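test case, fold it:
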Amino acid sequence: MKKLRVAYQLYSARQEAAKDLQKVLKTLKKLGYDGVEFAGFFGHPAKEIRMMLADVGLDAVSSHVRVADLKRDLDDIIAYHRKIGCRYITIPYLEENQRPGKPGFADIIRFAFETGKRCRKEGMQLLYHNHDFEFEKVSGMYGLDFLFAAVPQKLLQTEIDTCWVDYAGVDPAAYLLKYKGRAPVVHLKDYVGARSAGTPYGLIGAQENLSDREIISFEYRPFGHGTQNVQTLLGAAIGAGAEWFIIEQDEHKDISPMDAAALSIQTVRKYQA
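Numbering: from 1, shown residues only. Reported below is the predicted structural model:
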């Protein structure tokens, strides 16, 4: 199997990174990671981030930036990401009113078109990171498909989160291959549990109320230690033309983020040996 580069979504170790980002980066490098995906910069200016990455030898692959921030500070955000050498800016999450089937979804489509056009002009690429709510139907299509059909490929590409595709009841491997040539970055995330009355998000800017039933029924796991079909997923991502795998684990139980990161990359490398 082709060996792709593997990065780590720093939101997965947000508390540790907030205390000592350099230490987290050094640990990730020792574990065998090639890059990182940001979800905020923990108060560091671009110059410091660039120096930290250069010091440990990691790439800035992509960055999750909230819609509200992109609307307010797009010029500054693009300038910051260019300084740290980060090519991909990713829409990470939609608020309730912005989701497929809601009044604000049309605005999100227009926003993605205009933001993607501006990113492209600056030599960058806009991505969209999904959850399960994009698999609600809009005009007979999944909302995610509707979005990608409405915005040209050159302006908006995918960052398919394989956990949430699977959680929505859709085959993540087949879905990846559906977007062959439009899937440069793929989120590898594992879990146990079934779909329940609500959605157990542990996400940037998301404060969801979890019932006891939901907490019991869903749990994030290191990649390869849950329900995902690892070999099929990796093969599909490669077949779709992915450039990067991103390991993400929103929450951890009975294991530290760095120990979980070690297990996840061991899984990927075992299948790529």
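
these two touch, right, Tyr8 and Asp34?
No - Tyr8 is beyond contact range of Asp34, at 9.2 Å (criterion: Cβ atoms under 8 Å). Where C-beta positions appear, they are placed from N, C-alpha and C, glycine not excepted.

okay, these two: which has more neighbours?
Under the criterion of other Cβ atoms under 10 Å, the comparison of Tyr8 against Asp34 puts Tyr8 first, with 30 against 18.

what bridges to the more buried one?
Val36, Ile247 (DSSP bridges).

how much space between it and Ala261?
Distance of Tyr8 to Ala261, given as Cβ to Cβ, to the nearest Å: 6 Å.

shared neighbours of those two, which are they?
28, 33, 247 (Cβ atoms under 8 Å, 6 or more residues apart in numbering).

now the buried members of the residues you listed.
28, 33, 247 (16 or more other Cβ atoms under 10 Å).

where does the second one land in three-state SS?
Following DSSP: H, G, I helix; E, B strand; the rest coil, Tyr33 is assigned to coil.

how about the helices in the stretch 151-273 of the chain?
Taking DSSP state H, counting those that start in this stretch, the helices of the stretch 151-273 of the chain run over residues 162-167, 172-178, 212-217, 230-239, 257-272.

for Ile91, find the nearest of those.
helix 162-167 (14.1 Å; Cβ to Cβ).

give the buried residues for the closest one.
162-167.

specify which member of those residues is nearest to Tyr142.
Val165 (9.9 Å).

excluding chain neighbours, what is closest to the closest one?
Using Cβ to Cβ, 6 or more residues apart in numbering and skipping residues adjacent in sequence, the residue nearest Val165 is Pro172, 4.1 Å away.

test my guess that that neighbour contacts Lys178.
No - with contact defined as Cβ under 8 Å, Pro172 does not reach Lys178; the gap is 10.4 Å.

same drill for these two, tell me which one is more crowded.
Pro172 (26 against 17).

now do the contacts for the more buried one.
Neighbour list for Pro172: 160, 162-163, 165-166, 228, 233, 236 [criterion: Cβ under 8 Å, 6+ apart].

let's see 10 Å
Pro172 makes contacts with 160-166, 186-189, 228-229, 232-233, 236-237, as judged by Cβ atoms under 10 Å, 6 or more residues apart in numbering.

measure the residue nearest to Val165 to Gln228 for me?
For Pro172, the distance to Gln228 - Cβ to Cβ - is 8 Å.

which neighbours do the two share?
Joint contacts of Pro172 and Gln228 (Cβ under 10 Å, 6+ apart) are 162-163, 166, 188-189.

how much space between the closest residue to Ala7 other than its chain neighbours and Glu95?
Counting by Cβ to Cβ, 6+ apart, Ala7 lies nearest to Gly35, which is 3.7 Å off, once chain neighbours are set aside. Distance from Gly35 to Glu95, counting by Cβ to Cβ: 29 Å.
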